[in-house]
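Asker: how would this look folded up:
(chains A, B, C, D, E and F)
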6 protein chains.
Amino acid sequence: MPYINIKITKENEPVTAEQKQQLIEGATNLLRDVLGKNPQTTVVVIDEVEMDNWGIGGESVTERRKQGK
Amino acid sequence: MPYINIKITKENEPVTAEQKQQLIEGATNLLRDVLGKNPQTTVVVIDEVEMDNWGIGGESVTERRKQGK
Amino acid sequence: MPYINIKITKENEPVTAEQKQQLIEGATNLLRDVLGKNPQTTVVVIDEVEMDNWGIGGESVTERRKQGK
Amino acid sequence: MPYINIKITKENEPVTAEQKQQLIEGATNLLRDVLGKNPQTTVVVIDEVEMDNWGIGGESVTERRKQGK
Amino acid sequence: MPYINIKITKENEPVTAEQKQQLIEGATNLLRDVLGKNPQTTVVVIDEVEMDNWGIGGESVTERRKQGK
Amino acid sequence: MPYINIKITKENEPVTAEQKQQLIEGATNLLRDVLGKNPQTTVVVIDEVEMDNWGIGGESVTERRKQGK
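Answerer: Just a heads-up that it's a prediction; the model follows:
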């Protein structure tokens, strides 16, 4: 019955449907393997966040990418 | 003062503004009826999530819809 | 498949297991009635937040309760 | 290491990249000033929510704007 | 820079610090393997939720456990 | 009408009610100053997370503190 939320930045190269499927499967298997949780009721939600809307170290990711960080 | 977040998948048939209004009103009334919470300060936020970005049972909803689940 | 998160303050009078059950049932029925969502896969998570940890109008709820707000 | 999530409505006048940068910087500095948290590992995520999808007082913000609230 | 939130029910058998470490490591590696994300800035937050506060199928987990579900 | 969620680790030295009040006030003022948001309807929720339940760089904060990170 776990609920897993994965938040990532929306980079120039979009995340493909196949990669999202791998994240869903991997997170579901992780909860099954570590805690014995039932995959049938495990929910995974992926949020893709604009680079302007994500900050770390006091700067937006847009700024950091410009500076090559 | 409650805060309610409703996450749903973005299906082919879009959710209308009227349906969203019904979710907001219904959730606000639920908190008033069960716990006596003040509707004036009850906040409801609805997130619509792409079918590729929502997984259950280890599969994305896109995959499940293809299989008629 | 909806996911509903309800955040409320932890007041002096605790919320009972029966009231929580009413919130779970009410939120699940709301999504079924408005959008036709399947109750079997609707998840509801309730968070109870300390009054010191919730603010509105720039003040913690603890402060507001002292002032009779 | 704090994580700060700021949710705001998407109003007619869009929030600029510069304003987002100010929110990221301000929230990061707040955690440093009040709790001595390291800005380098402070994460800020801003979510902009459609006015139809945000409710307060049992009404969507779209409805409230129409009524001049 | 991803942020991953894992919500699970607080069952009678508590989740150990070692299991939590496995969840943190597993989720961090998943984002590195699938999307090439930097483990150093990947954040994982685990929430353990009381069984009374988690509902599925319109019932709290407490109720479901009583019925052997 | 903004909603701000601040997640921090529960360190050995507890965060005081006064520091929480400063976070609430500071976050509310930030949204007023940058975006002109009304403080009266700005909500702030602070979550304090056990060090075992927070990971960065693939390790729990408990582990990192032991290693003097």
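Asker: just checking, next helix/strand downstream of the lengthiest helix in chain A?
Answerer: When chain A is parsed with DSSP state H, its longest helix is helix A:17-35. Downstream of helix A:17-35, the first helix or strand assigned by DSSP states H and E is strand A:43-50.
Asker: So is the following helix or strand past that following strand next to chain F?
Answerer: Following strand A:43-50 in sequence order, the next helix or strand is strand A:54-56 (DSSP H and E). No. Figure legend: strand A:54-56 not in contact with chain F (C-beta under 8 Å from any C-beta of the partner chain); closest approach 11.3 Å. (C-beta placed from N, C-alpha, C; glycine too.)
Asker: other SSEs contacting strand A:54-56?
Answerer: On a contact count with 3 or more C-beta pairs under 8 Å, 6 or more residues apart in numbering or on different chains; DSSP states H and E, strand A:54-56 meets helix A:61-66, helix D:17-35, strand D:43-50.
Asker: Residue A:43 bridge partners, please.
Answerer: Residue A:43 has these beta-bridge partners by DSSP bridges: residue A:3, residue B:56.
Asker: can you pull the contacts of it?
Answerer: If a contact means C-beta atoms under 8 Å, 6 or more residues apart in numbering or on different chains, then residue A:43 has A:2, A:3, A:4, B:54, B:55, B:56, C:1, C:3, C:43 as its contacts.
Asker: how does it look with 10 Å?
Answerer: By C-beta atoms under 10 Å, 6 or more residues apart in numbering or on different chains, the residues touching residue A:43 are A:1-5, A:24, A:27-28, B:7, B:54-57, C:1-3, C:41, C:43, E:7, E:56.
Asker: what does residue A:13 give?
Answerer: E:35, E:36.
Asker: Need the pLDDT of it.
Answerer: You'll see residue A:13 listed with a pLDDT of 91.
Asker: Between strand B:43-50 and the longest helix of chain A, find me the angle.
Answerer: Here the directions of helix A:17-35 and strand B:43-50 differ by 120 degrees (axes from the mean of the first three to the mean of the last three C-alpha atoms, to 10 degrees).
Asker: and helix A:17-35, is it in reach of chain D?
Answerer: No. Where contact is defined by C-beta under 10 Å from any C-beta of the partner chain, no part of helix A:17-35 touches chain D; the two come within 17.6 Å at best.
Asker: can you list the residues of chain A near chain C?
Answerer: Selection of chain A residues close to chain C by C-beta under 10 Å from any C-beta yields A:1, A:2, A:3, A:5, A:40, A:41, A:43, A:45.
Asker: Which of those lies at the shortest distance from residue F:66?
Answerer: Nearest to residue F:66, judged by C-beta to C-beta, of these is residue A:2 at 27.3 Å.
Asker: Just want the phi and psi numbers for that closest one.
Answerer: Torsion angles at residue A:2 (phi, psi; degrees, to the nearest 10) stand at phi -70, psi 160.
Asker: quick revisit: in the residues of chain A next to chain C, find the pair that's most separated.
Answerer: The distance between the two most remote of the residues of chain A next to chain C (C-beta to C-beta) is 18.8 Å, for A:5 and A:40.
Asker: Pick out whichever of those two has more residues nearby.
Answerer: Set residue A:5 next to residue A:40 and count neighbours by other C-beta atoms under 10 Å in any protein chain shown: residue A:5 wins out with 18 against 11.
Asker: how close does the closest residue to residue A:17 other than its chain neighbours get to residue C:3?
Answerer: Using C-beta to C-beta, 6 or more residues apart in numbering or on different chains and skipping residues adjacent in sequence, the residue nearest residue A:17 is residue B:52, 4.9 Å away. According to C-beta to C-beta, to the nearest Å, residue B:52 stands 16 Å off from residue C:3.
Asker: Then residue A:68?
Answerer: Note on residue A:68: its distance to residue C:3, by C-beta to C-beta, is 38 Å.
Asker: Tell me which residues touch whichever residue of chain A sits closest to chain F, please.
Answerer: In chain A, the residue that lies nearest chain F is residue A:56 (11.3 Å; C-beta to the nearest C-beta). Going by C-beta under 10 Å, 6+ apart, residue A:56 touches A:9, A:64, A:69, D:24, D:28, D:39-45, E:1, E:41, E:43.
Asker: out of those, which one sits closest to chain C?
Answerer: Minimum distance to chain C across the contacts of residue A:56 is 16.1 Å, recorded for residue D:45 (C-beta to the nearest C-beta).
Asker: If you tally nearby residues, what's the number for the closest one?
Answerer: Using other C-beta under 10 Å, residue D:45 has 21 neighbouring residues.
Asker: Now do the contacts for the closest residue in space to it that isn't next to it in sequence.
Answerer: Residue nearest to residue D:45 in three dimensions, not counting chain neighbours: residue D:5, with 5.1 Å by C-beta to C-beta, 6+ apart. Residues near residue D:5 by C-beta under 10 Å, 6+ apart: A:7, D:27, D:43-47, E:3, F:3-7, F:45.
Asker: I'd like these laid out as CSV, including distance to residue B:33 and pLDDT.
Answerer: Listed next are the contacts of residue D:5 as CSV, based on distance: C-beta to C-beta, whole Å; pLDDT from 0 to 100:
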residue, distance to residue B:33, pLDDT
A:7, 33, 98
D:27, 36, 98
D:43, 37, 97
D:44, 36, 98
D:45, 33, 98
D:46, 33, 98
D:47, 29, 98
E:3, 35, 98
F:3, 23, 98
F:4, 28, 98
F:5, 26, 98
F:6, 30, 98
F:7, 31, 98
F:45, 23, 98
